[in-house]
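Trainee: Predicted model and sequence below, questions to follow.
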Amino acid sequence: MNKLLRNFGAFLEKLDHYRDEALFLFIKPYWPEKASPNQLTYLRVAIGLLLFILLFFLGIENKILIVSLFCVGVLTDLFDGSVARGLNKTTEFGAMLDPVADRVLILPIAIYSLAEQQKWLLLILLLVELFGALVSIFHKSKESDIKANIFGKVKMVLLSLVFIAILVAWPKTPSLFFIDIIWISLIFSFLSIFMRIVELNNKGYIKNIMVTKKI
């Protein structure tokens, strides 16, 4: 099972590498030197918070505005990691901030579009994200250098695309196809969490915790 997942992960990593190579053609010669990858991540956090305020505090549901802001946030996720790798500006802080920014961007839209008719799906999505965040924090406490998890990347791509489609069709009820895509994204979330736990277990961190509790 672990070998199968590693092979699948390696295949996805290869696809992600090709994406990087394509973006490098633009990033390396044309990217502004003063624009750091972390600035893109900060922008994603700011957009996520702005979406939350617009939707839940100000009640602004202008489709063009919401879709445009969300799409800009998705683009920052597409570029920030590639910019960091292409310009050799990867940082430990940036790697830690990136998944936080992803959640800040996705969750307001998830709550907005799923709360009325897909309460159970929303609840499961929130719980999985919370558990994934806790696993990542624990992993970070044990390992100073954590690489982005390819299954987590795929999850983010799926959620980004499906929520763009849901927002464009809003206020129509999300189709079953879109809902199925969200369920599939949860599978990748579980795979991401599972691989983190396997890595921690292989390095003895989980065993050490269990031994410490017994003592």
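Mentor: Looks like it arrived, so ask away. Residues are numbered from 1 along each chain as shown.
Trainee: how about low-confidence regions in the chain?
Mentor: Scanning the chain for pLDDT under 70 picks out the ranges 1-2, 142-147, 204-215.
Trainee: Helices of that one, start to end?
Mentor: Here the chain has its helices, by DSSP state H, at 2-30, 37-52, 63-86, 92-114, 119-142, 150-169, 176-202, 205-214.
Trainee: Redo those as TSV? Include mean neighbour count.
Mentor: All C-beta atoms are positioned from the backbone trio N, CA, C, and that covers glycine. As requested, the helices of the chain are exported to TSV (neighbours: other CB atoms under 10 Å):
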stretch	mean neighbour count
helix 2-30	12
helix 37-52	19
helix 63-86	18
helix 92-114	20
helix 119-142	15
helix 150-169	20
helix 176-202	17
helix 205-214	11
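Trainee: And Ser141, how far from Thr91?
Mentor: 18 Å (CB to CB, to the nearest Å).
Trainee: before we move on, what about Trp120?
Mentor: 38 Å.
Trainee: check contacts around the nearest residue to Tyr112 once chain neighbours are set aside.
Mentor: Leaving aside its sequence neighbours, Tyr112 sits nearest to Leu55 (CB to CB, 6 or more residues apart in numbering; 5.1 Å). Contact partners of Leu55, counting by CB atoms under 8 Å, 6 or more residues apart in numbering, are Glu61, Ile66, Pro108, Tyr112.
Trainee: Greatest separation within those residues: which pair is it?
Mentor: Glu61 and Pro108 (12.2 Å; CB to CB).
Trainee: ok, the residue lying closest to Leu65 once chain neighbours are set aside - contacts?
Mentor: Distances taken as CB to CB, 6+ apart put Leu54 closest to Leu65, at 7.4 Å, once the chain neighbours are dropped. The contact partners of Leu54, taken as CB under 8 Å, 6+ apart, are Ile60, Leu65, Ile66, Leu69.
Trainee: again with Glu13
Mentor: Per CB under 8 Å, 6+ apart, neighbours of Glu13: Ile150.
Trainee: swap in the one 3 residues further on?
Mentor: Listed by CB under 8 Å, 6+ apart, the contact partners of Asp16 are Ile150, Lys153.
Trainee: wait, what's in contact with Leu40?
Mentor: By CB under 8 Å, 6+ apart, the neighbours of Leu40 are Thr76, Phe79, Asp80, Val83.
Trainee: Leu126: which of those residues is nearest?
Mentor: Out of those, the member with the shortest distance to Leu126 (by CB to CB) is Thr76, at 22.6 Å.
Trainee: rewinding a little: quick check, nearest of the contacts of Leu55 to Ser160?
Mentor: Checking the contacts of Leu55 against Ser160 with CB to CB, the nearest one is Pro108 at 13.2 Å.
Trainee: is it true that the closest one touches Ile47?
Mentor: No: applying CB atoms under 8 Å as the test, Pro108 and Ile47 come out as separate, 9.5 Å apart.
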